[in-house]
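> my questions are about this predicted structure, shown below with the sequence.
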Amino acid sequence: MLFREETPVEVAFFEEAFQRYADRRVRRVFEPGCGSGRLVVAMAAKGYDATGLDLSDAMLNYMRRKLKRRGLTATCVKGDMTQLEFDKPFDAAFCTYNTFRHLLTEKDALAHLHSMADCLASGGIYILGMHLVPEEDYEAVVERFKTRQAGTTLSTTISVPHTDAQKRLETLRVKLRAVKSSGEVIRIQSEFPLRLYTPTQLKRLFKKVSDRFELVESFDFAYDIDDPLPFDKELLEGLFVLRKIAP
Ligand SMILES: C[S@@+](CC[C@H](N)C(=O)[O-])C[C@H]1O[C@@H](n2cnc3c(N)ncnc32)[C@H](O)[C@@H]1O
């Protein structure tokens with residue numbers, strides 16, 4: 001539920017980006033770290049040959065149930081996004097809202113990008129989105145928001161109880177309180193580490209894979225294809241379009 005309202009906006013952006021930036025027709029799409037399959041299901045519904053990969057059986061099972069309920073097909077794969085292996089190349093891939101930051105070391109981040117390049121066709125694109133942190137000292141903010149869907153109200157609080165600038169790690173705490181139309185209340189709290197990137201650090205990482213990917217354009221979380229933004233120190237909600245370079 002948390003990102004459901006964003007889904008149509010993201011899907012519209014992906015399709016515009018396929019048109020503008022992919023040097024090939026996009027039919028086969030892939031999402032590493034697809035979670036509950038919010039985007040994979042939406043892309044399958046649009047007629048794409050969609051594949052989602054995740055480490056979590058619970059997430060994959062949820063996605064399978066959702067596909068079945070809607071009479072859709074997509075490929076659901078259990079696997080690690082640092083070691084991708086597929087028989088056929090993808091035309092495009094996407095990984096938004098910080099999933100890439102679940103890779104906690106430079107080694108894993110590079111392994112993922114190399115692996116992704118291996119399973120994309122030449123001219124295919126990879127859309128990558130994540131929060132970046134300011135270059136200078138900063139205070140982590142607490143975010144609170146409410147969403148409503150089918151009689152359920154979801155209150156979300158996202159905070160950062162711990163940051164280790166040396167190790168470039170932060171702990172994200174997500175508290176969810178759902179009130180169903182029946183009045184039943186469900187509370188869920190989870191904490192997990194994410195890797196930190198300043199714009200400079202992410203640029204450096206992209207440079208390390210510049211033999212495999214070119215950075216074609218950058219945007220922010222407004223997902224406005226007509227409003228590309230410079231990749232500078234101001235860009236802290238980064239959405240990047242990378243294109244695979246022909247070997
Ligand atoms: C924020 S959730 C994904 C949300 C989903 N991408 C979306 O936008 O709706 C992050 C997901 O990444 C998965 N994940 C974390 N590390 C992974 C890895 N190394 N390989 C595959 N999946 C991973 C987690 O299991 C989790 O489902």
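Looks like it came in fine. Keep in mind that what you see is a predicted model, and the values were worked out from it rather than measured. Numbers count the residues shown, from 1 in each chain.

> got the residues of this protein near the ligand?
3, 32-35, 38-39, 53-56, 59, 80-82, 96-97, 99, 102 (CB under 6 Å from any ligand atom). C-betas here are computed from N, CA, C, even on glycine.

> run the last query once more with 5 Å
Neighbours of the ligand within the chain, by CB under 5 Å from any ligand atom: Gly33, Gly35, Arg38, Asp54, Leu55, Ser56, Met59, Asp80, Met81, Tyr97, Thr99, His102.

> next one: the worst-scoring helix or strand of the chain on mean pLDDT to chain centre, how far?
Between all helices and strands in the chain, the lowest mean by mean pLDDT, DSSP states H and E belongs to strand 143-149, at a mean of 91. On the basis of CA atoms, centre = their mean, to the nearest Å, strand 143-149 sits 20 Å off its chain's mean C-alpha point.

> and after it, which helix or strand comes next?
With elements assigned by DSSP states H and E, the helix or strand that comes after strand 143-149 is strand 152-164.

> give the ChimeraX command for selecting the buried subset of the residues of the chain next to the ligand.
In ChimeraX, this line selects whichever of the residues of the chain next to the ligand come out buried by 16 or more other CB atoms under 10 Å:
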select :33,35,38,54,59,80,81,97,99,102
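
> sort out for me which of the residues of the chain next to the ligand are in strands.
Per DSSP state E, strands hold the following members of those: Asp54.

> helix/strand/coil for Val41?
helix (DSSP: H, G, I helix; E, B strand; the rest coil).

> go on, Lys203?
helix.

> farthest-apart pair in the residues of the chain next to the ligand, please.
Arg38 and Asp80 (20.3 Å; CB to CB).

> so what's the residue nearest the centre of the chain closest to, chain neighbours aside?
In the chain, the residue lying closest to the centroid (CA atoms, centre = their mean) is Thr96, at 2.1 Å. Excluding its sequence neighbours, the residue lying closest to Thr96 (CB to CB, 6 or more residues apart in numbering) is Gly129, at 3.6 Å.

> touching, the one you found and Gly33? I think so.
No - applying CB atoms under 8 Å as the test, Gly129 and Gly33 come out as separate, 11.7 Å apart.

> now do the shared contacts for these two.
Overlap of the contact sets of Gly129 and Gly33 (by CB atoms under 8 Å, 6 or more residues apart in numbering) consists of Cys95.

> and Met116, what does it touch?
Pro32, Met81, Leu84, Ala93, Tyr126.

> how many neighbours does the third one have?
Applying the criterion other CB atoms under 10 Å, we find 22 residues in the vicinity of Leu84.

> which residues touch Val241?
Contacts of Val241 (CB under 8 Å, 6+ apart): Ala17, Tyr21, Ile125, Tyr126, Ile127, Leu215, Val216, Glu217, Ser218, Phe219.

> Asp108: which element?
Secondary structure (DSSP H and E) places Asp108 in helix 106-119.

> so how far is that helix off the chain centroid?
15 Å.

> with stretch 240-247 instead?
17 Å.

> cool, stretch 121-135 as well?
Relative to its chain's centre, stretch 121-135 lies at 9 Å (CA atoms, centre = their mean).

> buried set for that stretch?
For stretch 121-135, burial by neighbour count (16+ other CB under 10 Å) applies to Ala121, Gly123, Gly124, Ile125, Tyr126, Ile127, Leu128, Gly129, Met130, His131, Leu132, Val133.

> great, nothing more from me.
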